[in-house]
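Got a sequence here, can you build the structure:
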Amino acid sequence: MAFSPLLFIGLICLAGGGSLLPATEAIWLTVPSSGERCVSEEIQANVVVVADYLCIDQENVGLGPTIDIRVTSPFGKELYKKTNETHGQFAFTTSESGTYIACLSLHHDQTHYTVNTTAIVSLDWKMGIGAKDWDAVAKKEKIEGVELELRKSTERVGAIRANILYLRFREASMREINEKTNKRVAQLSLMSLGLSLVVSLFQVWHLKRFFLKKKLL
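Numbering: from 1, shown residues only. Okay, the predicted model is just below:
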């Protein structure tokens, strides 16, 4: 079976560090004093997402200013919205594949805090296996040690397979779009050529008629 370049790159990413698998490292965002700061993540359907956010003050010990946070689906559906928060957690299960966006902004009323020019927010965005509470699973199903690690490995393999299938689906969709685009470009080129020929013939006919009328031919 031949592998496409996109699928091959995906397999390299999986082998090199699991970049297609859910990341569990927190990211740090600088939220401006006005406007929003947004982060996006492309996620498949039926994936559990759990994220913790915390707004801190770099210069002083303790929590920082309050923020407003809003999470939307690829089709603009609002999945989570909170205002005037210093920390919190949101969780949802994706219903469709696409880009999910989380936007953060400083709350307009900072009565408890003297706002500097920006705010620092830690956002720990976990998905799929990374969002699973394995301690709770181990206690509920009474498994531990090798059995628990085997369970984790099984789910990782399932996630890898799902990601590869998703890549193949995306590749097929992109190839179909490219083929349609090429077809439309070819049709447009033929139409442009035909229109140019018609205009040229009309100009020749018009000039010939003009010269005959003026008795120049």
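
Can you give me the domain boundaries for this protein?
27-132, 134-217 (automatic domain parsing).

Need the winner for burial among those domains.
Among the domains of the chain, domain 27-132 has the highest mean neighbour count (mean count of other CB atoms under 10 Å), at a mean of 16. Every C-beta, even on glycine, is put in place using the N, C-alpha and C of the backbone.

distance between that one and the chain's centre?
Offset of domain 27-132 from its chain centre (CA atoms, centre = their mean, to the nearest Å): 15 Å.

Between its first and last residues, what's the separation in that domain?
With CA to CA, to the nearest Å applied, domain 27-132 spans 19 Å between its terminal residues.

picking that back up, can you add mean pLDDT and give the domains of the chain back as CSV?
Shown next, in CSV, are the domains of the chain (pLDDT from 0 to 100):
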stretch, mean pLDDT
domain 27-132, 84
domain 134-217, 84
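
How is Ser34 assigned, secondary-structure-wise?
Secondary structure assignment for Ser34 (DSSP: H, G, I helix; E, B strand; the rest coil): coil.

cool, and Asn46?
Once three-state DSSP is applied, Asn46 turns out coil.

before we move on, which element is the residue lying closest to Leu29 once chain neighbours are set aside in?
Counting by CB to CB, 6 or more residues apart in numbering, Val121 is the residue found nearest to Leu29 once chain neighbours are left out, at 4.7 Å. Element membership of Val121 [criterion: DSSP states H and E] is strand 118-127.

Return the distance of the helix ranked longest in the chain from the chain's centre.
If you go by DSSP state H, the chain has its longest helix at helix 145-213. Its chain's C-alpha centre and that of helix 145-213 lie 21 Å apart, by CA atoms, centre = their mean.

Give me the angle between that helix and strand 118-127.
Orientation check (axes from the mean of the first three to the mean of the last three CA atoms, to 10 degrees): helix 145-213 against strand 118-127 gives 110 degrees.

on that earlier part again, strand partners (parallel or antiparallel) of the strand holding Val121?
Taking DSSP bridges as the criterion, strand 118-127 forms sheet pairs with strand 27-32 (antiparallel), strand 48-56 (antiparallel).

Quick check: which of those is nearest to Thr181?
strand 48-56 (32.6 Å; CB to CB).

contacts for that closest one?
26, 31, 43, 62-67, 69, 85-94, 100, 102, 104, 119-128, 131-132 (CB atoms under 8 Å, 6 or more residues apart in numbering).

Please pull up the helix or strand immediately following it.
Immediately after strand 48-56, counting by DSSP H and E, sits strand 67-72.

Please name every helix or strand in contact with the helix or strand following that next one.
Using DSSP H and E, the helix or strand that follows strand 67-72 in sequence is strand 78-85. Contacts defined by 3 or more CB pairs under 8 Å, 6 or more residues apart in numbering; DSSP states H and E place strand 78-85 against strand 67-72, strand 87-93.
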